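Participant: Here's my sequence, what's the structure:
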Amino acid sequence: MNEQIEVLRRLQSIDTKLKRLDGDKLYRDYDVQKKQNLIQQKKAELSKISEEIKILQRNINSKELDLKSIETEINKFRQQMNQVKTNKEYSALKTEIGGKEADKSVLEDEILRMMTTYEEMQQRYKSFEKVIAQEESQLKEVQKQVETDTQAMESEIAELKEKHSNYASRVDQDALQHYNRLVSHKDAVAIVSVINQVCQGCFMSVTAQTLNQLMSGKDITFCHSCGRILYLEDGGEGSTED
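Facilitator: I've put the predicted structure just below:
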């Protein structure tokens with residue numbers, strides 16, 4: 001096999017690994033971001049619950065003030081009952097007290113329902129706090145693992161880049177430039193084999209002239225359809241598949 005082709009194939013193998021590692025790094029970062037977004041979402045829900053609790057507490061306080069006001073009026077009417085001189089005045093006050101007692105009962109029931117809701121919301125708030133604490137604990141574990149994985153990947157990337165530089169220095173500059181252009185446009189697949197006289201990049205048949213050039217192994221040969229660099233496996237003629 002043409003020596004330049006062999007070096008370019010090694011470069012392509014390195015570039016493929018580098019691309020995979022870059023993708024893995026992004027994916028691991030996404031794991032952290034996903035967990036952070038989940039925590040932020042739950043904190044927003046917790047904040048909403050907290051605001052609802054505050055509003056409910058204000059409403060309860062307002063209702064309790066109304067209740068105290070009614071109780072004050074009932075006490076006032078009862079004191080007046082001790083001072084009236086006619087049955088008519090007594091009956092009128094008794095009717096007023098009855099109405100206020102009814103209002104008081106309705107208000108007490110409403111306050112009781114609101115207090116029940118308030119306690120339920122407080123329990124929900126505490127449950128959300130526990131969930132968030134668990135998620136934040138898990139986030140720390142994920143961040144720790146991602147950091148470890150990223151360091152390993154960075155080390156591998158540095159090693160691959162050094163190899164890439166060494167191989168690139170052994171390739172003719174024109175061939176290297178053409179390879180780099182293909183990598184940027186062909187999704188890192190710049191060099192492909194020919195099997196059964198078919199380019200394995202675009203799966204179009206190669207011409208007899210192209211096959212002869214490949215078999216001679218003297219020059220770099222390109223696919224006339226997709227422009228990728230072609231090669232034959234050692235000892236092969238591009239006519240059969242292993």
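Participant: Buried residues, stretch 157-177. List them.
Facilitator: Going by neighbour count (16 or more other Cβ atoms under 10 Å), the buried part of stretch 157-177 is 157, 160, 164, 167-168, 171, 175-176. Using the backbone N, CA and C atoms, a C-beta is placed for each residue, glycine as well.
Participant: Pull out the buried positions in stretch 221-237.
Facilitator: 221-223, 226-232, 236.
Participant: Also stretch 32-52?
Facilitator: Result for stretch 32-52 [16+ other Cβ under 10 Å]: buried residues 32, 35, 39, 42, 46, 49.
Participant: Can you tell me which of the residues you listed end up in helices?
Facilitator: Secondary structure defined by DSSP state H assigns 32, 35, 39, 42, 46, 49 of those to helices.
Participant: What is the lowest-mean-pLDDT helix or strand in the chain packed up against?
Facilitator: Of all helical and strand segments in the chain, the minimum by mean pLDDT, DSSP states H and E falls on helix 173-185, at a mean of 88. The criterion is 3 or more Cβ pairs under 8 Å, 6 or more residues apart in numbering; DSSP states H and E, and the helices and strands that helix 173-185 contacts are helix 3-81, strand 229-231.
Participant: Tally up the residues packed near G201, please.
Facilitator: The number of residues packed near G201 is 21, by other Cβ atoms under 10 Å.
Participant: and what of I191?
Facilitator: A count of nearby residues for I191, using other Cβ under 10 Å, gives 23.
Participant: Distance check, it against V183.
Facilitator: Applying Cβ to Cβ, to the nearest Å, the value for I191 to V183 is 9 Å.
Participant: shared neighbours of the two, which are they?
Facilitator: By the contact definition Cβ atoms under 8 Å, 6 or more residues apart in numbering, I191 and V183 are jointly contacted by Q12.
Participant: Give the pairing partners of the longest strand along the chain; include direction for each.
Facilitator: Longest strand in the chain, counting residues (DSSP state E): strand 191-195. Using DSSP bridges, the strands paired with strand 191-195 are strand 198-199 (antiparallel), strand 229-231 (parallel).
Participant: Out of the ones you listed, flag the one nearest D109.
Facilitator: The closest of the strands paired with strand 191-195 to D109 is strand 198-199. By Cβ to Cβ, the value is 83.1 Å.
Participant: Roughly how far does the spatially most central residue of the chain sit from K42?
Facilitator: The chain has K34 as the residue nearest its centroid, 2.8 Å off, counting by Cα atoms, centre = their mean. When distances are taken as Cβ to Cβ, K34 and K42 turn out to be 13 Å apart.
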